[in-house]
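[1] Just to be clear, the model below is a prediction. Sequence and coordinates:
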Amino acid sequence: MIRLFITLVIINQSLPQTQTLNVLFIIIDDLRPALGCYGYDNVITPNIDQLASRSVKFTHAYVQQALCGPSRTSLLTSRRPDTTRLYDFYSYWRDAAGNFSTLPQHFKNHGYHTVSVGKVFHPGKCSGSDDDYPYSWSVEPYHPSTQKYKMAKVCPGPGGKLYMNIVCPVNVSAQPEGTLPDIQSADYAVQFLKNKTLSKDKKPFFLAVGYHKPHIPLKYPEGFLDLYPMSEIHLAPDPSLPPNLPTVAWNPWADLRRRDDVQRLNISFPYGPVPKHFQRLMRQSYYASTTYMDTLVGRLLSSLDENGFSNNTIVTFVGDHGWSLGEHQEWSKFSNFEVAVRVPMLVYVPGMTSSKKGRGKTFPYINPFNLRPGTAKERQNIKNKIHAKNGGQIFTHEINAANQNNRIHVKLNKVHTSLHHRQRLRRRNCRSWNEKEIFGKRNSLMNLILKRSANNSSLEYYFMENSNKKHRHLRHKQCEKLKGTDRTVLPSRSKGNRKNEKKILRSGSVSGKIPARTTEKYLRYTFDKDNELHGTKFANSNFVSDESGDSGSNDDNNRIVRTDAGYSTDAFVELVDLFPTISELAGLGVPPLCPPDSLKVDLCTEGISFVPVLKNVTKFTADGGYSKPFHWKRASFSQYPRPSDLPQENSDQPHLKNIKIMGYTMRTENYRYTEWISFDPFRFQRNWSSVHARELYLHNSDPLEDNNVAGDQSYKSLVVELSALLRLGWRGALPDIY
């Protein structure tokens with residue numbers, strides 16, 4: 001207890017508390033991490049990327065259930081679904097579980113003016129039919145009037161008729177009321193910020209804005225299709241049904257099947273598959289919808305600048321759950337797969353994640369239609385110019401190297417602030433990320449180091465920025481073992497080291513010196529392939545995307561990258577952690593950890609504040625070095641209900657009374673382990689002795705979760721061990737301090 005008190009005091013003293021901070025809470029419907037800042041170079045999201053460049057980006061953020069209502073209720077109450085007792089859309093937690101305080105309610109009780117715009121709570125019965133007003137909000141929540149056309153026939157189709165399609169690019173002026181829901185929400189939120197500037201009421205605000213897209217129907221202004229030529233749209237990397245997938249784990253995407261354009265395909269139930277041409281159409285529209293949403297996020301963020309709020313407002317950006325785009329032959333959410341439960345999360349704290357002050361804009365609006373030449377390569381070149389204009393951006397080149405059964409996923413992060421210098425370096429050294437040669441003449445050296453590292457446990461790259469900012473040096477040295485981990489650093493291209501390369505290649509040794517004049521910035525990323533399960537260190541796996549990105553190496557869950565593109569960490573965080581985190585950042589009281597039975601406790605959390613992670617990450621440059629490892633959360637936990645072992649019409653969204661099975665899943669650094677067990681929906685009781693199916697995915701060798709090895713006898717002892725950890729639950733994965 002004394003250790004905890006001292007830690008919290010130190011953290012609070014170091015947070016930027018010179019003034020009361022406002023909060024802008026942005027939540028996006030059905031958003032997987034298909035964003036430029038997450039490595040998807042083919043997806044154009046310049047405004048979100050710009051936010052990431054001022055923020056801490058979390059590459060391992062997970063939801064508690066991949067369904068809108070339960071996920072949002074869990075996030076906003078900081079209670080997990082088994083506590084809110086909401087697994088569908090048809091009960092209100094204050095009636096069905098307990099009078100739990102919410103995140104906006106906590107701020108309202110501390111004197112904030114709280115406002116809800118768009119889809120924040122899931123509307124309807126699960127939020128009291130009034131978005132929890134007036135408990136959570138100072139004024140009645142705003143919902144766009146055109147959202148009522150979600151299930152209407154407004155999509156142009158064959159014969160000039162209108163249909164209720166899933167793929168729905170539209171002429172906005174021809175739509176009912178001449179607009180779209182998210183445009184209305186953006187207009188309302190921007191107007192609120194303008195009015196707040198002029199208002200005599202100087203209360204701090206908590207503004208929550210929820211955008212619907214890219215939720216289905218994929219309805220968006222048709223011009224965004226121009227950014228995504230069909231010739232550049234590819235299928236998922238694993239578009240087939242996994243052979244060892246338990247039937248209970250399958251979701252038959254019934255929400256898509258109700259749409260007119262999908263019904264015309266006459267797809268068999270429950271597995272399909274969807275015809276390839278229509279898979280590409282859906283993927284194309286998902287990306288176009290995402291870019292459309294990015295423009296609205298950009299409008300909102302630029303309004304912070306225009307109204308003087310960017311330097312005193314915390315900004316959080318998060319998805320409510322992921323979405324399958326053909327992986328495993330699946331579509332939509334409704335599952336425990338990584339692609340369904342992993343979401344993007346960005347946290348911007350002025351003075352902490354970004355030191356920008358005084359003149360100049362923090363979030364200038366970037367128009368994606370300035371980025372629309374015909375090919376992906378041309379678009380990326382324009383995107384690079386935008387990043388250069390806004391202070392530099394991260395460039396990620398990925399190398400996949402295999403040594404027998406061990407796979408190393410490497411990221412090389414190049415930072416350049418001058419477009420001319422960037423293009424010059426790219427011509428001289430860098431090729432596209434998926435080419436075999438990464439550094440031209442240095443390829444032989446790279447292969448040597450990769451080969452050596454495949455037999456060791458990690459690679460580490462240090463990128464150093466010269467004080468005159470005209471050169472970037474890539475250094476190397478042979479490092480001693482640090483906590484049992486070998487570290488290797490690559491060499492610079494200085495004239496002396498060019499000669500050393502030949503010596504290195506001949507001798508097989510790696511050595512070098514760091515000149516005193518290049519000591520300003522160290523950009524660090526380490527790659528471990530140790531598979532640890534016990535203790536406080538887990539060796540996180542690699543994510544491999546179907547596109548040019550969405551990968552995140554997860555070797556140590558407090559490891560970071562810092563560049564001019566912002567901070568990035570692969571620490572495990574969950575959506576239930578946002579409530580205590582935002583509260584602490586704003587200087588409010590942080591809810592205590594919930595007791596095991598918390599139904600009668602109004603204010604507590606089943607997450608933990610990740611302010612220690614933010615501090616550890618941002619301390620990286622403040623202290624002139626890199627952050628120190630510290631103990632953090634060991635795993636994340638999600639769940640999903642099913643009505644039966646076999647897929648049926650209501651498998652995706654069973655009502656509470658029909659739930660017979662609950663799938664509990666745990667994601668550690670190396671594994672995803674799931675047990676589907678019997679569940680009593682009337683007593684809310686789990687029966688761990690009645691296991692219907694198990695899933696085990698080895699993320700080091702199977703990052704896409706295609707090969708379930710739970711039934712393999714060679715993993716029997718591992719299954720027993722993971723099963724014990726899963727049953728301990730989220731409390732068993734907390735840092736030791738708890």
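    Received it, and whenever you're ready, just let me know what you need. Numbers count the residues shown, from 1 in each chain.
[2] Can you show me the strands along the stretch 51-200 of the chain?
    With strands called from DSSP state E, counting those that start in this stretch, the stretch 51-200 of the chain shows them at 56-62, 113-118, 155-156, 162-163, 167-170.
[3] average model confidence for stretch 731-738?
    For stretch 731-738, mean pLDDT is 89.
[4] Okay, buried residues for that stretch please.
    For stretch 731-738, the neighbour count (16 or more other Cβ atoms under 10 Å) marks Ala733, Leu734 as buried. From N, CA and C alone the C-beta is placed, and that goes for glycine too.
[5] same check, this time on stretch 689-698
    For stretch 689-698, the neighbour count (16+ other Cβ under 10 Å) marks His692, Ala693, Arg694, Glu695, Leu696, Tyr697, Leu698 as buried.
[6] And stretch 19-36, by the same measure?
    Of all the residues in stretch 19-36, those buried under the rule 16+ other Cβ under 10 Å are 21-36.
[7] will you turn the strands of the stretch 51-200 of the chain into JSON lines that also has mean neighbour count, distance to Thr581 and mean pLDDT?
    Below are the strands of the stretch 51-200 of the chain laid out as JSON lines (neighbours: other Cβ atoms under 10 Å; distance: least, Cβ to Cβ, whole Å; pLDDT from 0 to 100):
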{"stretch": "strand 56-62", "mean neighbour count": "25", "distance to Thr581": "11", "mean pLDDT": "97"}
{"stretch": "strand 113-118", "mean neighbour count": "24", "distance to Thr581": "17", "mean pLDDT": "98"}
{"stretch": "strand 155-156", "mean neighbour count": "19", "distance to Thr581": "40", "mean pLDDT": "96"}
{"stretch": "strand 162-163", "mean neighbour count": "18", "distance to Thr581": "43", "mean pLDDT": "97"}
{"stretch": "strand 167-170", "mean neighbour count": "20", "distance to Thr581": "36", "mean pLDDT": "98"}
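[8] Show me the one of the ones you listed that comes nearest Ser638.
    Distance to Ser638, taken as Cβ to Cβ, is lowest for strand 56-62 among those, at 6.0 Å.
[9] how about the strands of the stretch 51-200 of the chain in a markdown table, adding distance to Arg342?
    A markdown table is the format used below for the strands of the stretch 51-200 of the chain (distance: least, Cβ to Cβ, whole Å):
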| stretch | distance to Arg342 |
| --- | --- |
| strand 56-62 | 6 |
| strand 113-118 | 23 |
| strand 155-156 | 30 |
| strand 162-163 | 32 |
| strand 167-170 | 25 |
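[10] Please identify the helix or strand for Lys219.
    Using DSSP states H and E, Lys219 sits in strand 218-221.
[11] CA atoms of that strand as CSV?
    Only the C-alpha atoms of strand 218-221 are listed here, as CSV (Å, rounded to 0.1, in the frame of the first residue of the first chain):
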residue,chain,number,x,y,z
LEU,A,218,-21.0,1.2,-45.7
LYS,A,219,-22.7,4.4,-46.7
TYR,A,220,-20.4,7.3,-47.6
PRO,A,221,-20.0,10.0,-50.2
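[12] how close does Phe121 get to Leu86?
    11 Å (Cβ to Cβ, to the nearest Å).
[13] do Ser651 as well
    Per Cβ to Cβ, Ser651 is found 18 Å from Leu86.
[14] Compare neighbour counts for those two and give me the winner.
    Leu86 (29 against 24; other Cβ atoms under 10 Å).
[15] Got phi/psi on that one?
    Main-chain torsions, Leu86, degrees, to the nearest 10: phi -120, psi 110.
[16] which sections of the stretch 251-400 of the chain are below the confidence cut-off?
    Under the criterion pLDDT under 70, the flagged ranges of the stretch 251-400 of the chain are 355-359, 372-400.
[17] where along it do the helices fall?
    Using DSSP state H, counting those that start in this stretch, the helices found in the stretch 251-400 of the chain span residues 254-257, 260-263, 276-306, 338-341, 376-389.
[18] packing partners for the third one?
    Going back to what we said before, that points to helix 276-306. Packing partners of helix 276-306 (3 or more Cβ pairs under 8 Å, 6 or more residues apart in numbering; DSSP states H and E): strand 22-28, helix 46-52, strand 167-170, helix 181-198, strand 205-211, strand 218-221, strand 313-319, strand 324-325.
[19] need these in CSV with distance to Tyr287, can you?
    Formatted as CSV, the helices and strands packed on helix 276-306 follow (distance: least, Cβ to Cβ, whole Å):
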stretch, distance to Tyr287
strand 22-28, 14
helix 46-52, 13
strand 167-170, 12
helix 181-198, 16
strand 205-211, 15
strand 218-221, 10
strand 313-319, 15
strand 324-325, 9
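[20] Contacts only, for the closest residue to Lys125 other than its chain neighbours.
    Using Cβ to Cβ, 6 or more residues apart in numbering and skipping the chain neighbours, the partner closest in space to Lys125 is Tyr90 (5.5 Å). Shown in contact with Tyr90 (Cβ atoms under 8 Å, 6 or more residues apart in numbering): Lys125, Cys126, His655, Leu656.
[21] rerun at 10 Å
    By Cβ atoms under 10 Å, 6 or more residues apart in numbering, the residues touching Tyr90 are Gly69, Ala96, Gly124, Lys125, Cys126, His655, Leu656, Lys657.
[22] what two of those are the furthest from one another?
    Going by Cβ to Cβ, the pair spanning these furthest: Gly124 and Lys657, at 17.7 Å.
[23] Tell me which of these two has more neighbours.
    More neighbours surround Gly124 than the other of Gly124 and Lys657, with 14 against 11 (other Cβ under 10 Å).
[24] Can you say which of the helices and strands packed on helix 276-306 is nearest to Ala635?
    Evaluated over the helices and strands packed on helix 276-306, closeness to Ala635 peaks at strand 313-319, with 19.4 Å, by Cβ to Cβ.
[25] Neighbouring strands of the closest one in the sheet, and parallel or not?
    strand 22-28 (parallel), strand 342-348 (antiparallel) (DSSP bridges).
[26] Mind putting those into JSON lines with distance to Phe334?
    Shown next, in JSON lines, are those (distance: least, Cβ to Cβ, whole Å):
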{"stretch": "strand 22-28", "distance to Phe334": "18"}
{"stretch": "strand 342-348", "distance to Phe334": "15"}
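[27] Ok, which of these comes nearest Thr59?
    That would be strand 342-348 among these, by Cβ to Cβ, at 8.7 Å.
[28] got the angle for the closest one vs strand 56-62?
    Note on geometry: by axes from the mean of the first three to the mean of the last three Cα atoms, to 10 degrees, strand 342-348 and strand 56-62 are set 150 degrees apart in direction.
[29] Tell me the buried residues in strand 342-348?
    By neighbour count on 16+ other Cβ under 10 Å, the buried set for strand 342-348 is Arg342, Val343, Pro344, Met345, Leu346, Val347, Tyr348.
[30] ok, now stretch 648-659?
    Buried residues in stretch 648-659, counted by 16+ other Cβ under 10 Å: Gln648, Asn650, Ser651, Asp652, Gln653, Pro654, Leu656, Asn658, Ile659.
[31] Touching it from outside, list them.
    67, 69, 85-91, 96, 247-248, 250-257, 269-270, 332-335, 640-645, 660-661, 679-682, 684.
[32] give me that answer again for 7 Å
    67, 87-88, 90-91, 251-255, 334, 641-643, 679, 681 (Cβ atoms under 7 Å, 6 or more residues apart in numbering).
[33] That concludes my questions; thank you for your assistance.
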